[in-house]
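Colleague: Curious how this folds, go ahead:
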Amino acid sequence: MQRPVDSKFTRDTPAIDVIQGIDLSGKFAVITGGSTGLGKETARVLAVAGADIFIGARDEVKLESAKQELVVGHAKNVFAAPLDLADVHSVLEFSKAVQELGRPIDILIHNAGIMACPQSYNSFGIESQFATNYVGHALLTSEFAPLLTRAKLSRLVVLSSSGHHISPVMFEDINFNQSDYDPWVAYGQSKTADVLLAVKASKHLKEKGVTVTAVHPGMIQTELMRYMSPEEAAAAADQTAEQNLPEFKNVEAGSATSVWAATAPELEGRGPLYVEDCQVAPIVDQPNRAYGVLPYALDPELADLLWTKAEEMLDRPLPL
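Modeller: Now for the predicted structure:
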């Protein structure tokens, strides 16, 4: 599954270099979390290559600002709609807004996410990080599966993280109803769940022309860190140095792997893959928080079990 490919790019390659020579004219890209950070830069670079763009985000002011920047910049057609992935109604309204355009989706990037936030739950009683990072995107994947397959050769990119090394999915207590809440463990299991989402989607959609990839973008200082106090951010920086973890990337390099996963010809039909630094990541046996993918994140049986769990949580089927 994780067989390497010949990529000329590195961890420091900016996304704009990755897109060179690729023509996305007439293609339609949908990006969650497209108003700031990695999502915004990913949208901009895909627009430079000619793609029409649809972005979603919670903050409507930032969303409109990002849309206008794309309009003034490079995109021919730009669309935007509010999206709160923890809110099922919001997810369905966003899906409706996209579907009303009547276009196949050539590129779908599940970019939005939250990290290490205080304990909270959505209206279905689902822990907020799991609800936002996995369940909301699982619902969108189900909603958009017909549009992805209509595009014949399309890409689904799911942003995960080396944070999946922190924890597997704790099936016995996903919502921390029996155990003390740990924001980092909750984040870790949600990022493992994102890789499993890619595994599940690829199982059902690969033969219909959809290439599915999970992405570790690297460590980047974006709004994802908004729940961390200055002291926590400083402690994280110290831990990075002490454990000899990779240095932080800038947004341009951080978005490169998403763009590569969404467009690289050498990845066509290869999913599911877990990629990092514009390369296929190796499988590792032990958590290291630096590189590689752990086997439990690639387990197809766990991917099926988790999908069923999401259907139970939402009390609705999620057909693919």
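Colleague: Kindly export the one helix or strand Val45 maps to (C-alpha atoms) in CSV.
Modeller: Using DSSP states H and E, Val45 sits in helix 37-48. Extracted in CSV, the C-alpha atoms of helix 37-48 (Å, rounded to 0.1, in the frame of the first residue of the first chain):
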residue,chain,number,x,y,z
GLY,A,37,-4.0,28.8,6.7
LEU,A,38,-3.4,25.7,4.7
GLY,A,39,-6.8,25.6,3.1
LYS,A,40,-6.6,29.1,1.9
GLU,A,41,-3.2,28.6,0.3
THR,A,42,-4.3,25.3,-1.2
ALA,A,43,-7.3,27.0,-2.8
ARG,A,44,-5.1,29.8,-4.1
VAL,A,45,-2.6,27.4,-5.7
LEU,A,46,-5.3,25.3,-7.3
ALA,A,47,-6.9,28.5,-8.7
VAL,A,48,-3.6,29.5,-10.2
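Colleague: who's in contact with it?
Modeller: 15-16, 18-19, 24, 29, 31-34, 53, 55, 57, 66, 69-70, 73-76, 78, 107, 109, 111-112, 159, 217, 220, 222-224, 251-252, 254-255, 258-259, 262-263 (C-beta atoms under 8 Å, 6 or more residues apart in numbering). For glycine as for every other residue, the C-beta is placed from the backbone atoms N, C-alpha and C.
Colleague: Are any of those residues buried, and if so which?
Modeller: 15-16, 18-19, 24, 29, 31-34, 53, 55, 57, 66, 69-70, 74-75, 78, 107, 109, 111-112, 159, 217, 220, 222-224, 251-252, 254-255, 258-259, 262-263 (16 or more other C-beta atoms under 10 Å).
Colleague: Show me what the mean pLDDT comes to for stretch 305-318.
Modeller: Over the span of stretch 305-318, the pLDDT mean works out to 98.
Colleague: That one: which residues count as buried?
Modeller: Leu306, Trp307, Lys309, Ala310, Glu311, Met313, Leu314, Leu318.
Colleague: now do stretch 108-120
Modeller: Buried residues in stretch 108-120, counted by 16+ other C-beta under 10 Å: Leu108, Ile109, His110, Asn111, Ala112, Gly113, Ile114, Met115, Ala116, Cys117.
Colleague: So which helix or strand of the protein has the lowest pLDDT on average?
Modeller: Here the helix or strand of the chain ranked lowest by mean pLDDT, DSSP states H and E is helix 230-242, holding a mean of 52.
Colleague: about what we covered before: mind listing which of the buried ones among the contacts of helix 37-48 are in strands?
Modeller: Secondary structure from DSSP state E places Ala29, Ile31, Thr32, Ile53, Ile55, Ala57, Val78, Ile107, Ile109, Leu159 of the buried ones among the contacts of helix 37-48 in strands.
Colleague: On the pLDDT front, check Ile220 for me.
Modeller: 87.
Colleague: hmm, I was thinking of Val195
Modeller: On the pLDDT scale, Val195 gets 98.
Colleague: The one 10 residues further on too?
Modeller: pLDDT, the model's per-residue confidence, is 98 for Leu205.
Colleague: Distance check, it against Gly269.
Modeller: Using C-beta to C-beta, to the nearest Å, Leu205 is found at 11 Å from Gly269.
Colleague: And for Glu276?
Modeller: 20 Å.
Colleague: These two: which is more packed in?
Modeller: Glu276 (23 against 10; other C-beta atoms under 10 Å).
Colleague: which residues touch that one?
Modeller: Per C-beta under 8 Å, 6+ apart, neighbours of Glu276: Arg11, Ser162, Val215, His216, Pro217, Gly218, Thr257, Tyr291, Gly292.
Colleague: Pop out the phi and psi values for the residue nearest to the fourth one when sequence neighbours are not counted.
Modeller: If I follow you right, that is His216. Excluding the flanking residues, the one nearest His216 by C-beta to C-beta, 6 or more residues apart in numbering is Glu276, at 4.0 Å. Torsion angles at Glu276 (phi, psi; degrees, to the nearest 10) stand at phi -150, psi 150.
Colleague: Quick check: bridge partners of Glu276?
Modeller: Per DSSP bridges, residues listed as beta-bridge partners of Glu276: His216, Gln279.
Colleague: Would you check how far apart Pro146 and Pro265 are?
Modeller: To Pro265, Pro146 is 25 Å away according to C-beta to C-beta.
Colleague: Report the buried residues of the longest helix along the chain.
Modeller: In terms of residue count, the longest helix belonging to the chain (DSSP state H) is helix 183-205. Burial within helix 183-205, assessed by neighbour count using 16+ other C-beta under 10 Å, is assigned to 183, 185-205.
Colleague: quick one: which two of the buried residues of stretch 305-318 are the most distant?
Modeller: Largest separation among the buried residues of stretch 305-318 by C-beta to C-beta: Leu306 and Leu314, giving 12.7 Å.
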